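K.L.:
the following comprises the amino acid sequence and a computationally predicted model.
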Amino acid sequence: MDIFIQALSVVQAILFLIGAALGIWGIVNLLEGYGSDNPGAKSQGIKQFVAGAGVVLIGIVLVPLLANLFSVT
């Protein structure tokens, strides 16, 4: 069961990194949209940033709950 908890911590770290990368990419697209006055790029940047924040929240909130669900005390 200990390996399952370790695997969940690795999954949590991976989700955090993917979400952060997606959020940073969204911020870059958002700023690029403001620089070229492109509403499509602005919209895509906001959507990517929010999606990245959602992935980070899943990694921070739901993965520990899953670990607690399967932990044996």
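P.N.:
Cool, the structure landed.
K.L.:
wait, what's in contact with the residue lying closest to Leu31 once chain neighbours are set aside?
P.N.:
Once flanking residues are discounted, Leu31 sits nearest to Gly45: 7.3 Å by C-beta to C-beta, 6 or more residues apart in numbering. For every residue, glycine as well, the C-beta is placed using N, CA and C. Residues near Gly45 by C-beta atoms under 8 Å, 6 or more residues apart in numbering: 26-33.
K.L.:
and of those residues, the nearest to Ala7?
P.N.:
Gly26 (28.4 Å; C-beta to C-beta).
K.L.:
now the most centrally placed residue in the chain: phi and psi?
P.N.:
Centroid check for the chain by C-alpha atoms, centre = their mean gives Gly19 as the closest residue, at 2.2 Å. The phi and psi torsions at Gly19 (degrees, to the nearest 10) take the values phi -60, psi -40.
K.L.:
that one contacts Gly54, correct?
P.N.:
Yes. The pair Gly19 and Gly54 passes the contact test of C-beta atoms under 8 Å, sitting 7.3 Å apart.
K.L.:
for the helix-or-strand element of the chain with minimal mean pLDDT, packing partners?
P.N.:
When each helix and strand of the chain is scored by mean pLDDT, DSSP states H and E, helix 63-70 comes last, with a mean of 83. Helices and strands touching helix 63-70, as assessed by 3 or more C-beta pairs under 8 Å, 6 or more residues apart in numbering; DSSP states H and E, comprise helix 2-35.
K.L.:
who does the helix it packs on touch, helix- and strand-wise?
P.N.:
Helix 2-35 packs on helix 39-57, helix 63-70, going by 3+ C-beta pairs under 8 Å, 6+ apart.
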